[in-house]
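> sharing a model prediction with you, sequence too.
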Amino acid sequence: MVDQITANELADRLDAGESMTLIDTRPEDSFEAWHLHGAENVPFDPREGVGDEHRDRVREIADEEPLVTICGKGLTSTPFAFELEAQGYDDVTVVKGGMEDWSKVYDVVPIATNDKELVIRQIQRRGKGCLGYVVGSAESREAVVVDATRQIDVFEVVAEEAGLLISCVFDTHIHADHISGGSRLAEILDVPYYLGEAASKRDVEYDYEPLEDGIVIELDGVEITALHSPGHTTEMMNYRIDGEYLLTGDTLFVDSVGRTELPFGERDASTGAALLYDTLHGTILDLPDDTRILPGHVSVTSDGRYEGGESGEPVQARLDDLHDDLDLLQLDEEPFVTRLTENVPEKPPNYETVIAINTGSESPESEEAATELEVGPNNCAA
């Protein structure tokens with residue numbers, strides 16, 4: 001009998017170290033671009049059926065372990081699972097929704113704080129490496145959400161389970177790799193939605209409250225300072241929490257810095273790189289060495305692993321450690337700009353459409369279309 005599990009159940013099994021042979025039935029190019037760590041590629045087209053090459057490949061990799069099949073949406077992995085059952089394999093499971101549902105698996109990670117009144121939860125979107133936050137005051141029970149993804153219910157549940165009520169929503173910037181849920185979450189909860197005031201130059205068509213550089217938002221006992229941090233985008237804001245933590249969006253990661261050419265174009269990429277250099281050396285690196293950096297993304301490898309940490313564990317770093325470990329932070333301006341404008345990484349899939357949606361000029365045709373726009377890891381780092 002072929003069983004079915006959800007992507008979340010697969011994550012639980014992988015985290016528990018369960019023995020399995022994970023078979024990805026997508027075409028080779030799709031598999032090479034993005035797959036789960038440890039998966040084996042056996043491309044399958046139901047119209048062609050199972051051939052000797054499929055049978056030989058499965059015998060080669062199966063090793064008497066339970067078989068789990070996955071594809072993009074479940075359209076090829078499901079018939080392949082039944083074909084495996086017909087071939088005599090009696091422990092076969094298919095992942096419902098495939099890699100599209102895997103892109104919506106989340107881990108909720110508490111960030112340890114020195115102040116018992118300060119609550120920080122890092123919400124990790126495992127497949128894409130997106131990092132959002134719920135920051136709150138245990139005293140007032142108020143919370144802010146920063147960089148909510150499209151699955152806004154995750155952020156609502158995290159706040160509720162922490163005993164917090166969301167009073168406002170922030171985005172660090174207009175995202176290019178995923179559809180933001182910030183404005184929709186704010187609208188549903190009837191609370192303010194904030195973007196940096198420079199977003200006025202990005203033709204944003206929905207309502208937001210503009211944030212000036214240096215403005216302070218108070219949650220009873222928790223102080224949030226907005227810092228204009230252009231470079232990755234012109235409107236980028238970083239949020240300093242109680243003078244100890246810095247939510248850096250796509251400005252500074254634990255393994256790199258943000259790419260800068262997307263909003264500026266290839267011809268003006270050096271403009272963004274120079275802005276980022278000024279932000280890093282004129283704002284962020286002037287902060288205390290023990291400032292804890294909490295980024296907006298973590299890089300995800302093509303085989304689904306975090307480059308700057310482990311999924312389910314805090315993605316963070318001390319500022320002085322990053323200064324010592326990241327050679328980009330030790331460069332003078334000219335070589336820094338050169339590094340960021342040469343050998344530019346592949347652009348995020350569908351980034352122009354995603355930006356149009358996040359500025360309000362377009363809407364996804366359907367939930368399925370929105371999911372397809374976001375599939376794959378982020379490409380936000382330089």
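Thanks, I have it.
> what are the ranges of the strands in the stretch 101-250 of the chain?
For the stretch 101-250 of the chain, the strands defined by DSSP state E, counting those that start in this stretch occupy 106-110, 118-125, 130-137, 142-146, 165-170, 193-196, 209-211, 216-219, 222-228, 237-241, 245-249.
> redo those strands as CSV? Include mean neighbour count and mean pLDDT.
C-beta coordinates here come from the backbone N, C-alpha and C atoms, glycine included. Putting these into CSV (neighbours: other C-beta atoms under 10 Å; pLDDT from 0 to 100) gives the following:
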stretch, mean neighbour count, mean pLDDT
strand 106-110, 16, 98
strand 118-125, 23, 97
strand 130-137, 26, 97
strand 142-146, 26, 97
strand 165-170, 22, 97
strand 193-196, 26, 98
strand 209-211, 16, 97
strand 216-219, 15, 92
strand 222-228, 20, 96
strand 237-241, 25, 98
strand 245-249, 27, 98
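> make TSV from those and add distance to residue 152 to it.
Shown next, in TSV, are the strands of the stretch 101-250 of the chain (distance: least, C-beta to C-beta, whole Å):
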stretch	distance to residue 152
strand 106-110	12
strand 118-125	11
strand 130-137	10
strand 142-146	8
strand 165-170	9
strand 193-196	12
strand 209-211	18
strand 216-219	20
strand 222-228	20
strand 237-241	19
strand 245-249	18
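> tell me which of these lies nearest to residue 358.
Among the strands of the stretch 101-250 of the chain, strand 193-196 comes nearest to residue 358, with 10.2 Å by C-beta to C-beta.
> what's that closest one packed up against?
Applying 3 or more C-beta pairs under 8 Å, 6 or more residues apart in numbering; DSSP states H and E, one finds that strand 193-196 contacts strand 165-170, helix 182-189, strand 209-211, strand 222-228.
> contacting residues around it?
The contact list for strand 193-196 (C-beta atoms under 8 Å, 6 or more residues apart in numbering) reads 168-171, 173-174, 182-183, 185-187, 204, 206-211, 226, 228, 235-237.
> try 7 Å
168-171, 182-183, 186, 204, 208-211, 228, 235-237 (C-beta atoms under 7 Å, 6 or more residues apart in numbering).
> next: stretch 230-240.
146, 170, 172-174, 195-196, 198-199, 201-202, 211, 224-229, 246-251, 258-260, 263, 272, 275-276, 279.
> for that stretch, measure first residue to last.
15 Å (C-alpha to C-alpha, to the nearest Å).
> nearest to residue 21, of the contacts of strand 193-196?
For the contacts of strand 193-196, the nearest to residue 21 is residue 182 (40.0 Å; C-beta to C-beta).
> leaving out the residues flanking it, which one is nearest to the closest one?
residue 171 (4.4 Å; C-beta to C-beta, 6 or more residues apart in numbering).
> okay, now the one you found: neighbour count?
Number of residues near residue 171 (other C-beta atoms under 10 Å) recorded here: 28.
> pull out the buried positions in stretch 30-48.
30, 31, 34, 35, 36, 39, 41, 42, 43, 44 (16 or more other C-beta atoms under 10 Å).
> return the member of those residues nearest to residue 77.
For these, the nearest to residue 77 is residue 44 (7.8 Å; C-beta to C-beta).
> residue contacts, the closest one?
By C-beta under 7 Å, 6+ apart, the neighbours of residue 44 are 25, 54, 76, 80.
> nice, that's everything, thank you.
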